[in-house]
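J.: coordinates only, no sequence provided:
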């Protein structure tokens, strides 16, 4: 069984890309580092990528025998979110981001994995939501790597760094100001 263990960074000649067997994977599988898979031609392979790798549609992988395999994003159940005005779409993006939901961002719509609870929330804020079957390629993390979750090994490093930066930031400020829109002076009546 061949092992796919490298993602190619150089550009390949179009003929090699065209000839390469394909590996069609949904987003969840494209986030995994190590698993057994079956190429679209029926060949069984082992995928062994560096932790944190998120494969994208069109990525070229290199097998241990030097052969190439092209990644294809599989169509999957997604919600396509549109709005009659930019503010509603921005509110939708805000609420999804607040829930750490992976989202594919476009100029006029958002795309996320199908989820009934999120679908209801998006409709309540006035967005138009349709269920479709499409490839899904959400934004990857803004700090390098792919999407990070609390159970990743790198999370503790990221968290420690965030705490260090926060402490340094706080050392430069006095504490008479409110944080994150929360007033620290309790007991006041709000009209």
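T.: Ah, there it is. Keep in mind it's a predicted model, so treat the numbers as computed, not measured. Residues are numbered from 1 along each chain as shown.
J.: give me the phi and psi angles of the closest residue to residue 64 other than its chain neighbours.
T.: Once flanking residues are discounted, residue 64 sits nearest to residue 3: 4.6 Å by Cβ to Cβ, 6 or more residues apart in numbering. Every C-beta, even on glycine, is put in place using the N, C-alpha and C of the backbone. Dihedral angles of residue 3 (phi, psi; degrees, to the nearest 10) stand at phi -110, psi 130.
J.: bridging residues for residue 3?
T.: On the basis of DSSP bridges, residue 3 is bridged to residue 46.
J.: now that it has come up, it's in contact with residue 45, right?
T.: Yes. Counting by Cβ atoms under 8 Å, residue 3 touches residue 45, with 6.9 Å between them.
J.: returning to that earlier point: how close does the residue nearest to residue 64 get to residue 36?
T.: When distance is defined by Cβ to Cβ, to the nearest Å, residue 3 is 10 Å away from residue 36.
J.: more crowded one of the two?
T.: residue 3 (13 against 9; other Cβ atoms under 10 Å).
J.: avg pLDDT for whatever helix or strand residue 28 lives in?
T.: Using DSSP states H and E, residue 28 sits in helix 27-30. What helix 27-30 shows for mean pLDDT is 94.
J.: what's the answer for stretch 67-76, then?
T.: Mean predicted confidence for stretch 67-76 is 97.
J.: just the buried residues of it, please?
T.: Using 16 or more other Cβ atoms under 10 Å as the test for burial, stretch 67-76 gives 68, 69, 70, 71, 72, 73, 74, 76.
J.: which segments of the protein make up each domain?
T.: Domain segmentation of the chain under automatic domain parsing yields 2-73, 75-135.
J.: returning to what we had before: elements contacting the helix holding residue 28?
T.: strand 68-73 (3 or more Cβ pairs under 8 Å, 6 or more residues apart in numbering; DSSP states H and E).
J.: tell me the contacts of residue 38?
T.: By Cβ atoms under 8 Å, 6 or more residues apart in numbering, the residues touching residue 38 are 44, 45.
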